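**Student:** Fold the following, please.
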Amino acid sequence: MIIGFTTVFAIAAGVLATALATAVAALLVALRCARQTRAAVAATEAALSRAALLEGDLAAQATQLETLLAAREHERAAPGRPSLREAVALSRHGASTEELVATCRIGQGEAHLIQMLHGQQRPGATGPAAPH
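**Tutor:** As a prediction, the model looks like this:
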């Protein structure tokens, strides 16, 4: 059996149409991949930028923490700093809030609280009755 020119031409046209459709589909997939790649690159660059900012913040926080730890160690090593227990004892023996602040190097609020909780009852004053 002999295949006619028209049949061969029709088969070739079909193969060519299929190849063209496949090429168009491949091109569309490639374009979609390129678009997704650009979006991924942009997201990666934004994440890297944010990471760099966070790294800078973290370094600043680490420096601040080191400073605070050094200050705490210095305070612990400072000779002659009375403790809060000493402030309580002084308060029980009649020391004023101002004396506690000056002697024990504590804040006004701390001294006032110690006075309220452990201070001697002043004649004519109202508040907690007696020291603990």
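**Student:** Show the subsequent helix or strand relative to the lengthiest helix in the chain.
**Tutor:** Longest helix in the chain, counting residues (DSSP state H): helix 5-77. Where DSSP states H and E defines the elements, the next helix or strand beyond helix 5-77 is helix 84-92.
**Student:** Who are the packing partners of that following helix?
**Tutor:** helix 97-104, helix 108-118 (3 or more C-beta pairs under 8 Å, 6 or more residues apart in numbering; DSSP states H and E). C-betas here are computed from N, CA, C, even on glycine.
**Student:** Nearest approach to residue 9 belongs to which of those?
**Tutor:** Among those, the nearest to residue 9 by C-beta to C-beta is helix 108-118 (99.7 Å).
**Student:** coming back round to it: what is the mean pLDDT for the longest helix of the chain?
**Tutor:** The average pLDDT within helix 5-77 is 94.
**Student:** Next: stretch 94-106.
**Tutor:** 88.
**Student:** Dump the helices and strands packed on helix 84-92 to JSON lines, plus mean neighbour count and distance to residue 11.
**Tutor:** Below are those laid out as JSON lines (neighbours: other C-beta atoms under 10 Å; distance: least, C-beta to C-beta, whole Å):
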{"stretch": "helix 97-104", "mean neighbour count": "17", "distance to residue 11": "103"}
{"stretch": "helix 108-118", "mean neighbour count": "16", "distance to residue 11": "96"}
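**Student:** Specify the stretch among those helices that is closest to residue 61.
**Tutor:** Between the helices and strands packed on helix 84-92, helix 108-118 lies closest to residue 61; by C-beta to C-beta that is 27.0 Å.
**Student:** now the closest one against helix 97-104, angle please.
**Tutor:** Helix 108-118 and helix 97-104 meet at an angle of 110 degrees, taking axes from the mean of the first three to the mean of the last three C-alpha atoms, to 10 degrees as the criterion.
**Student:** Check the offset of helix 108-118 from the chain's centre.
**Tutor:** 35 Å (C-alpha atoms, centre = their mean, to the nearest Å).
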